[in-house]
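In: After the sequence you'll find the predicted model.
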Amino acid sequence: MLDAKLIRSEPDKVRQALINRNNDTKILDDFLELDEQRRKVLWEVEALKAERNAVSEEIAKMKKSKQDASSEIARMREVGSRIKQMDSDVSAIESRLSDITFNIPNIPHSSVPVGADESFNETVKNWGQPREFGFEPVPHWELATSLDIIDFERGSKIAGSGFILYKGLGARLERSLLNWMLDVHTSEHGYREVFPPFLINRRSMLGTGQLPKFDEDMYHTDKDDDLYLDPTAEVPVTNIYMDEILDEADLPQYLTAYSACFRREAGSAGKDTRGLLRVHQFNKVEMVKFVAPHTSYDEHESLLANAEAILQKLNLPYRVVLLSTGDLSFCAAKCYDIEIYAPGVDQWLEVSSCSNFEDFQARRANIRYRPEPGAKPEFIHTLNGSGVALPTLVVARLETYQQPDGSIVVPEVLRPYIGADRIS
RNA sequence: GGAGAGGUGGCUGAGUGGUCGAAAGCGAUCGCCUGCUAAGUGAUUGCUCGGUGAUAAACCGGGCCCCGGGUUCGAAUCCCGGCCUCUCCGCCA
């Protein structure tokens, strides 16, 4: 969320950000009005409390010297009940205000192209050449089904459509990719591995911004637990330091984690959802960074490079897209998407999203650090990027490395993990 | 799931209705002392909201002793609910 002081003092900046994001600005006006109201009521109730504190102290003294304090007590009884009423007014206002604040998106960074939708996104890099085929490449669901490495029908039978059953070398490939990516990030990119819970409480979901806006995209446990299935390891990993004040020496901190990811992806059906293109449960390796504010844009570039390295090692052509203000996600100040080419479906598919949230998530999750010993705590900056998401990676992998006979070549780097050089 | 114990500042830990934002110790910061280190010594040392002010320093006020309610003129302290931790029992991959 944004700093209330910033919204108050520079409302035009916030208004412009909302316009650039193609959002309604009414939310800003609601905030300003309610914020004014809050301070007015707060001022009154605090004056009453100050009086109560002072008189209570006098009462204590009078009682000690055996004086009669009954008229003061009677008066304070009145004051007390007014305070009670006003306190409940304040908390009603504050809860409405926090609903509003939690729904105001981040302000895009100045380097983000301004535009209402994805047509304003900028491709900033192309790497590799899509492979030339001497035959017609087939989509991954055909390859995987005929090789019996993914069983879409039985996956649906067990859980429903969008839930995938990997078999044999398909399962092995899944596991190999996860292990290999984690190994690359930990041994070559300086990340520390963590293995987080997959069920997440409400507070954490608020902290990283999945709630309150995207409730309907999340799986939620029934009964009284009030737990969400994690939609990405970003959530549990970023919230590791919720409500903490880190030392400057603790930064920067690079964490990487595998998690299964659960998303409803409600309303989707049709051509773009076949095979692995849109699933409700998938595997992903995520990278999360906690950094000092002045370093976050450099850290953002190296985060992107860490994700790119995975694709380069697999020799999969990709492009890097800088998202425009209209396509930028709610919490992000700046975001690069990495898309890989999948020849069988002839599409560029998002395989990673690398975002700098600046202090937006840190403020929600209350994650701070001391710039130096004894200094006032400041909010840190958080970043994260997929490193990378498996479904689209597997799609591109299968389709790119397919052979005329329907078998699939295993890239060099994965052979030690899979224990085979070809899936056939 | 059942029974019990407990949750106080960066840490240890005292505090059962008023002068307690909280003793003491440790740690940390700044200074003094010291050939260096250690020891000693003095001072400082929480977070947050609002106001005045320059979105400074400083000052004034509110709130915070796990969280939320309640009792009371007044709550770290009493009562209720919740969360978490530990111990024992049960169940279990």
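Out: Done, it's in.

In: So what's the residue count around the closest residue to residue A:90 other than its chain neighbours?
Out: Of all residues not flanking residue A:90 in the chain, residue A:41 sits nearest, at 5.5 Å (CB to CB, 6 or more residues apart in numbering). C-betas here are computed from N, CA, C, even on glycine. Residue A:41 has 16 neighbouring residues, counting by other CB atoms under 10 Å.

In: quick one: residue A:41 is in a helix?
Out: Yes - counting by DSSP: H, G, I helix; E, B strand; the rest coil, residue A:41 is located in a helix.

In: which parts of the stretch 51-200 of chain A sit against RNA strand B?
Out: By CB under 7 Å from any atom of the strand, the residues of the stretch 51-200 of chain A that approach RNA strand B are A:52-57, A:59-60, A:63-64, A:73, A:76-77, A:79-80, A:84, A:91.

In: partner strands of the host helix or strand of residue A:355, parallel or antiparallel?
Out: Using DSSP states H and E, residue A:355 sits within strand A:347-356. Strands that pair with strand A:347-356, judged by DSSP bridges, come out as strand A:334-342 (antiparallel), strand A:381-389 (antiparallel).

In: Alpha carbons only: can I get the first one in CSV?
Out: In other words, strand A:334-342. Only the C-alpha atoms of strand A:334-342 are listed here, as CSV (Å, rounded to 0.1, in the frame of the first residue of the first chain):
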residue,chain,number,x,y,z
LYS,A,334,7.8,-2.1,-12.6
CYS,A,335,7.7,-5.5,-14.2
TYR,A,336,9.4,-7.5,-16.9
ASP,A,337,7.7,-10.5,-18.3
ILE,A,338,9.8,-13.2,-20.0
GLU,A,339,8.0,-15.0,-22.8
ILE,A,340,9.3,-18.2,-24.5
TYR,A,341,8.3,-19.4,-27.9
ALA,A,342,6.3,-22.6,-28.2
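
In: what's the average pLDDT for it?
Out: On average, the pLDDT along strand A:334-342 is 97.

In: again, but for the last one
Out: Predicted confidence along strand A:381-389 averages 95 (mean pLDDT).

In: helix or strand right after that strand?
Out: Counting by DSSP H and E, the element that comes right after strand A:381-389 along the chain is helix A:390-400.

In: contacting residues around the residue nearest to residue A:263 when sequence neighbours are not counted?
Out: Nearest residue to residue A:263, sequence neighbours excluded (CB to CB, 6+ apart): residue A:231, at 5.1 Å. Contacts for residue A:231 (CB atoms under 8 Å, 6 or more residues apart in numbering) come out as A:210, A:217, A:218, A:261, A:262, A:263.

In: Buried ones only from those residues, please, as a PyMOL command.
Out: With 16 or more other CB atoms under 10 Å as the criterion, this PyMOL line picks the buried residues out of those:
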select buried, chain A and resi 210+218+261+262+263
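
In: From the contacts of residue A:231, which land in strands?
Out: Those of the contacts of residue A:231 mapping onto strands are A:261, A:262, per DSSP state E.
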